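1. sequence? don't have it. structure:
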């Protein structure tokens, strides 16, 4: 297979994405609060990087999807460096708002639900799967929707 050179705008986005990912990865690896937690939190981001690299040519995603994946990877790496309960920026926000809890984990949970949903939407649109077909392919979600169980 002959590979065509990247167009300059694609190359710029790719190298920017990789540069940001690598910079945050290296930063998060330097003296994390707990090395085991760091490994557990960063592994999904590294696995995603490998999968995205392997599928980029034959199954490119939209710029929005790549951007959201990068944001999610950054959230994971920051959470891995400090642990979710000790992220300094969110300690500062908690103090500013007079709250006793660091809410960085809520940001992580939001990303964990929202970003995969956007990527699933992109895949459903690309494969032209109608929503009803998708719902009928997942009986568990049909059951939970029909019974109100969430």
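-> Done, it's in. Computed from a predicted model, the values in this text were never measured in an experiment.
2. okay, now the unreliable bits of the protein?
-> 1-8, 130-150 (pLDDT under 70).
3. from residue 70, how far off is residue 18?
-> Remark: distance between residue 18 and residue 70 (CB to CB, to the nearest Å) = 10 Å. Yep, even glycine has a C-beta here, placed from its N, CA and C like the rest.
4. can you map out the helices along the chain?
-> Per DSSP state H, the chain carries helices over the ranges 8-29, 35-55, 63-82, 88-96, 104-126, 131-136, 139-147.
5. tell me the most buried of those?
-> helix 63-82 (a mean of 20; mean count of other CB atoms under 10 Å).
6. quick one: that helix to chain centroid distance?
-> 5 Å (CA atoms, centre = their mean, to the nearest Å).
7. how about the contacts made by the residue most central in space within the chain?
-> Central residue of the chain (CA atoms, centre = their mean): residue 72, 2.8 Å from the mean position. Counting by CB atoms under 8 Å, 6 or more residues apart in numbering, residue 72 makes contact with 45, 48, 111-112, 115.
8. can I get those residues in CSV with distance to residue 34?
-> Shown next, in CSV, are the contacts of residue 72 (distance: CB to CB, whole Å):
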residue, distance to residue 34
45, 17
48, 22
111, 21
112, 20
115, 25
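9. what is the nearest of those to residue 77?
-> Proximity of those to residue 77 (CB to CB) peaks at residue 45, which lies at 6.0 Å.
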